[in-house]
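> sharing a model that was predicted from the sequence below.
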Amino acid sequence: MRSGHHRPRGDEPTDIYVATNGIDDKNRDGSINEPFQTIQFAQTQRHSGAAGVLHVMPGVYRVQNLVTDSSGGPDGRFRIISEERWQAKIIGTTGGAVWQHIGNFTDIEGFEVSAACDSLATYGIQISGASNAVKSNHVHHILGGARRSDGGFLSCGGIGCDMQYDFNDVIGNYIHDIGFFVPTVSAEGIYLSRGLKSFIHNNIIHRVRGFGFWLYHRPQAMAICNNLVFNCEIGISIGAKEENLKPDPEHPDPDYPDGYPPAEGIVVANNIFLFNKYVGLAEQTAVARDGMVLVGRNSYLYNYLRGNGPQQIVLHTDGSTENLPHLGGNIEDPGEDIRVPDLFVRYDYDGYDPVYYKDHPEANSPGEGVDLHPAVGSPLVGAGTIMYPPAPSPTDDFDGNPRNLDSWPMDIGPYVVASHTAGVKGV
């Protein structure tokens, strides 16, 4: 990790501020009265490995591949936060990731991240480190279009976590309009290539030209709970790549000297998959041509599926008893009414900015607004299951309202019904 440019310990502020009218000058103290201008510079003015908060004030921040490489530590996290939710707007103007974080024990929270249409950006937020959390961000219009050296298109996505790193959480993000400049099934809302003990909760994903969730290469032991994925091509896909499971003689892993286990130990529970073009929930090929097992035993519990392509659920197995998927409580609703009046308070099938229009009904045609909270009597209410460690249920919802799991049953999806919470905010 590149950390030699950070201030020495003892000379760093605990809280640093960034504002559009700030100045990137190391002689400034980075306080709210002397803010810096860019996130990239501000994060160098602290000791990497220490706890701290980088506050980003509202405004538009145009970037060319924003890279942050300052970390927190096991005793205190480094938080990079938008002072007002979605009001610090990060706009990428060139190819590659709009924002890449190369660090550990860091939270990236509350930003709006998008890319200019001609930027050829490939990712909104890319995580290249361990024990990070990407929370409550609005990531949209990462349209792709960049090509490889062989002329093919690079895939693109909203939020992605690289294969070498574990313990990364992706929670409460709103992701949409991803990959419309790439071929079909070449984009993903959230991509996890390893993700050991990662928690992926309360995300809303729609209008992705590919996967809502793509777990591929070497995913293991993670929890995908209480998310909503609609109007994508595939809701969620889980699989492994043969060469990524074989031992690497040049970079041996002492924990896995004989190679890595297949995609297994993954819990997919209490999610909603609606009107995805090809399939709602899918496992990829279970066995490679040489007989290597690619997909092991995973659990698919209490998910609600409606109107997904030719098939709602497609699972594969190598034929062994130990690798049979654990299934229970899934609701495969045959309903075809795209208005789904029974599920949500109000729903726009085209999926255009439903969270924004919930708060700005005057901007939405035909003017009714959109509200993805469960409707009264919705089959989502109380129809889920409470999950326990090592894959526990989220304790709050997309709005930050508590789920009160001791008093009420689990609702399916990212929102809790109002009668199942106390101290409600944002409903």
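Ah, there it is. Numbers count the residues shown, from 1 in each chain.

> Three-state assignment for F41, please.
Per DSSP: H, G, I helix; E, B strand; the rest coil, the secondary structure class of F41 is helix.

> what about stretch 129-144, average pLDDT?
For stretch 129-144, mean pLDDT is 94.

> how long is that stretch from one end to the other?
Start-to-end span of stretch 129-144 (CA to CA, to the nearest Å) is 23 Å.

> so how far is it off the chain centroid?
Put simply, stretch 129-144 sits 6 Å off its chain's centre (CA atoms, centre = their mean, to the nearest Å).

> ditto for stretch 100-114
Worked out by CA atoms, centre = their mean, stretch 100-114 lies 11 Å from the chain centre.

> any idea of the mean pLDDT for it?
Mean predicted lDDT for stretch 100-114 stands at 97.

> just the C-alpha atoms of it, please, in CSV.
C-alpha atoms of stretch 100-114 as CSV (Å, rounded to 0.1, in the frame of the first residue of the first chain):
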residue,chain,number,x,y,z
GLN,A,100,-10.8,3.1,-6.1
HIS,A,101,-9.9,2.5,-2.4
ILE,A,102,-6.6,0.7,-1.8
GLY,A,103,-6.7,0.3,2.0
ASN,A,104,-8.2,-1.5,5.0
PHE,A,105,-10.6,-0.8,7.8
THR,A,106,-12.3,2.0,6.0
ASP,A,107,-15.9,3.1,5.6
ILE,A,108,-17.1,5.0,2.4
GLU,A,109,-20.5,6.3,3.3
GLY,A,110,-23.2,8.5,1.9
PHE,A,111,-21.9,9.7,-1.5
GLU,A,112,-23.4,10.0,-4.9
VAL,A,113,-21.0,8.4,-7.4
SER,A,114,-21.6,8.6,-11.2
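
> for the stretch 301-427 of the chain, which segments count as strands?
304-306, 311-314, 326-328, 331-333, 344-346, 371-374 (DSSP state E, counting those that start in this stretch).

> as CSV, those with mean neighbour count would be great.
All C-beta atoms are positioned from the backbone trio N, CA, C, and that covers glycine. Listed next are these as CSV, based on neighbours: other CB atoms under 10 Å:
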stretch, mean neighbour count
strand 304-306, 24
strand 311-314, 18
strand 326-328, 11
strand 331-333, 16
strand 344-346, 20
strand 371-374, 23
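
> of all these, which lies closest to Q45?
For Q45, the closest of those is strand 371-374, at 40.0 Å, according to CB to CB.

> low pLDDT regions in the stretch 251-400 of the chain?
For the stretch 251-400 of the chain, the stretches flagged by pLDDT under 70 are 289, 318-319, 321, 336-341, 348-369.

> wait, S48 touches G103, no?
Yes: if you go by CB atoms under 8 Å, S48 and G103 touch, sitting 7.2 Å apart.

> out of the strands of the stretch 301-427 of the chain, nearest to N202?
Nearest to N202, of the strands of the stretch 301-427 of the chain and by CB to CB, is strand 371-374 at 11.8 Å.

> what is in contact with S48 and G103 at once?
M1, D69, S70, S71, F78 (CB atoms under 8 Å, 6 or more residues apart in numbering).

> I'd like to know which of these are buried.
Buried by 16 or more other CB atoms under 10 Å: D69, S70, S71, F78, out of the shared contacts of S48 and G103.

> ok, so of these, who is nearest N21?
Nearest to N21 among the buried ones among the shared contacts of S48 and G103: S70, at 22.8 Å, using CB to CB.

> quick check: that closest one touching T44?
Yes: counting by CB under 8 Å, S70 touches T44, with 7.0 Å between them.

> looking at the strands of the stretch 301-427 of the chain, which is nearest to S136?
Nearest of the strands of the stretch 301-427 of the chain (CB to CB): strand 371-374, 15.6 Å.

> so what's the residue count around G160?
26 (other CB atoms under 10 Å).

> that one: what secondary structure?
Classification of G160 using three-state DSSP returns strand.

> ok, now which ones touch it?
A97, Y123, I125, Q126, I127, E188, I190, Y191, L192, S193.

> may I ask which two of these are separated the most?
Across the contacts of G160, the longest distance by CB to CB is 15.5 Å; it joins A97 and L192.

> for those two, indicate the residue with more neighbours.
Shown here are A97 and L192; by other CB under 10 Å, L192 has more neighbours (29 against 24).

> pretty sure the more buried one is touching L215, no?
Yes: between L192 and L215 there is a contact at 5.0 Å, judged by CB under 8 Å.

> mutual contacts of those two, please.
M222.

> what's the burial count for F230?
For F230, the count of nearby residues is 27 (other CB under 10 Å).

> relative to R194, how far out is it?
As judged by CB to CB, to the nearest Å, F230 and R194 stand 27 Å apart.

> same deal with P74?
Distance, P74 to R194, by CB to CB: 20 Å.

> who's more crowded, these two?
For P74 versus R194, neighbours defined as other CB under 10 Å are more numerous around R194 (24 against 9).

> contacts only, for that one.
Contact partners of R194, counting by CB under 8 Å, 6+ apart, are C161, D162, M163, Q164, Y165, D166, H217, R218, P219, Q220.

> tell me the one among these nearest to Y300.
Nearest member of the contacts of R194 to Y300, counting by CB to CB, is P219, at 14.4 Å.

> number of residues surrounding the closest residue to that closest one other than its chain neighbours?
With sequence-adjacent residues excluded and distances taken as CB to CB, 6 or more residues apart in numbering, P219 is closest to A263, at 4.9 Å. By the measure other CB under 10 Å, the count of residues near A263 is 28.

> in this structure A263 contacts E242, no?
No: counting by CB under 8 Å, A263 does not reach E242; the two are 11.6 Å apart.

> what do the two both touch?
With CB under 8 Å, 6+ apart, A263 and E242 have common neighbours L294.

> roughly how far apart are L215 and Y191?
Applying CB to CB, the value for L215 to Y191 is 8 Å.

> neighbour-wise, which of those two wins?
Legend: neighbour count by other CB under 10 Å for L215 and Y191, higher for L215 (30 against 27).

> now the more buried one. Nearest residue, chain neighbours left out?
Using CB to CB, 6+ apart, the nearest residue to L215 is I238, at 4.6 Å.

> in the sheet, who's paired with I125?
Bridge pairing for I125 (DSSP bridges) gives the partners W99, I159.

> list the contacts for it?
Counting by CB under 8 Å, 6+ apart, I125 has contacts 97-101, 108, 113, 134, 137, 139, 158-160.
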